[in-house]
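A.B. asks: Any chance you could fold what I've pasted below:
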Amino acid sequence: MGEGLRLGVNIDHVATLRQARYATMLESPNAEPVLIDAARECEQGGADSITIHLRADRRHIQDEDVFELQRQIATKLNLELGNTPEIVEIALEITPDFVCLVPENREEITTEGGLDVVANRNELEPTLARMRDKGIAVSLFIDPEPDQVDAAAALGAEMVELHTGAFANAAGDAPREAAEVQRLIEGAKRAHAAGLQVNAGHGINTRNMVRLYRVPHLAELNIGHHIVSRAVFVGLEEAVKEMRLVMDGYGSSW
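C.D. replies: Numbers count the residues shown, from 1 in each chain. Down below sits the predicted model:
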């Protein structure tokens, strides 16, 4: 496996907790939890990158968070964003290490389903070109479907992030889960063959990670809710270490 499977930790829900009380008082010395402190704990636990999603409705991450994290974290910054002009301009201004373009629906609790690259190619193409001009690597968050993988490759994305939500939601239903794992296997193989870096994310935790061992070519996982939830009991640094420990078994099954 070489350098091994990398871990990007999404700290959106650390900001969710802060916004629950301090949404209009971010300058207060009492505003907590402090996002940069959370990022540093994740790094100490072994995170390879910090992931944040700057949503159009600013429900958790705020603009100032993006700028501060870009300045202060020791690892890499992965900015998730919808393909909306305002957020694209912010990404181009701060030049994160990489961006992940995702679908965004104001009514959803979290991102549900992959980006339809096939249907949105014309809108995505200029955004990818502008990111490329700025030296920002682009990932597209997609369902593990052949046409979506092919469209991502045709657009010139450097990476895809395979949506693992359907797999995670199949917990307790062995046949359905097996089918979702097979979809991910086929999607990963196709993406790798097309020259794309293969990442994955959504709903991954220390319980279901072992069933993703069969999916080849994975380079990086982006995990947020599980790690932040576990941190309530053990702290962020330890929660990241626990996730990394399970991830270390990846590559032993293929």
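A.B. asks: Tally up the residues packed near Cys42, please.
C.D. replies: The tally of other residues near Cys42 (other Cβ atoms under 10 Å) stands at 29. In this view, the C-beta of every residue, glycine as well, is placed from N, C-alpha and C.
A.B. asks: again with the one 10 residues further on
C.D. replies: For Ile52, the neighbour count with other Cβ under 10 Å is 27.
A.B. asks: part of a strand, is it?
C.D. replies: Yes. Counting by DSSP: H, G, I helix; E, B strand; the rest coil, one finds Ile52 located in a strand.
A.B. asks: my guess is it meets Phe67, correct?
C.D. replies: No. In this structure Ile52 lies outside contact range of Phe67 using Cβ atoms under 8 Å: 11.2 Å.
A.B. asks: quick one: low-confidence ranges for the stretch 151-254 of the chain?
C.D. replies: By pLDDT under 70, the low-scoring segments of the stretch 151-254 of the chain are 252-254.
A.B. asks: All the helices of it, in order from the start?
C.D. replies: Assigned by DSSP state H, counting those that start in this stretch, the helices in the stretch 151-254 of the chain fall at 165-169, 174-193, 225-234, 236-247.
A.B. asks: Return the set of buried residues in the third one.
C.D. replies: If I follow you right, that is helix 225-234. By 16 or more other Cβ atoms under 10 Å, the buried positions in helix 225-234 come out as His225, His226, Ile227, Val228, Arg230, Ala231.
A.B. asks: Leaving out chain neighbours, which residue sits closest to the first one?
C.D. replies: The shortest distance from His225 to any non-neighbouring residue, by Cβ to Cβ, 6 or more residues apart in numbering, is to His13 (6.0 Å).
A.B. asks: ok, now which ones touch that neighbour?
C.D. replies: If you count contacts by Cβ atoms under 8 Å, 6 or more residues apart in numbering, His13 has them with His60, Gly224, His225, Val228, Ser229.
A.B. asks: What distance do you get for the third one to His217?
C.D. replies: His225 sits 24 Å away from His217, taking Cβ to Cβ, to the nearest Å as the criterion.
A.B. asks: Show me which residues of the helix or strand that contains the residue nearest to His225 are buried.
C.D. replies: Per DSSP states H and E: His13 is located in helix 12-22. Neighbour counts over helix 12-22 (16+ other Cβ under 10 Å) mark Asp12, His13, Val14, Ala15, Arg18, Gln19, Tyr22 as buried.
A.B. asks: now stretch 61-76
C.D. replies: Applying 16+ other Cβ under 10 Å to stretch 61-76 flags Ile61, Gln62, Asp65, Val66, Leu69, Gln70, Ile73, Thr75, Lys76 as buried.
A.B. asks: Same list, the helices of the stretch 151-254 of the chain, but as a markdown table with distance to Glu125 please.
C.D. replies: Shown next, in a markdown table, are the helices of the stretch 151-254 of the chain (distance: least, Cβ to Cβ, whole Å):
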| stretch | distance to Glu125 |
| --- | --- |
| helix 165-169 | 26 |
| helix 174-193 | 19 |
| helix 225-234 | 32 |
| helix 236-247 | 34 |
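A.B. asks: I'm done for today, thanks for sticking with me.
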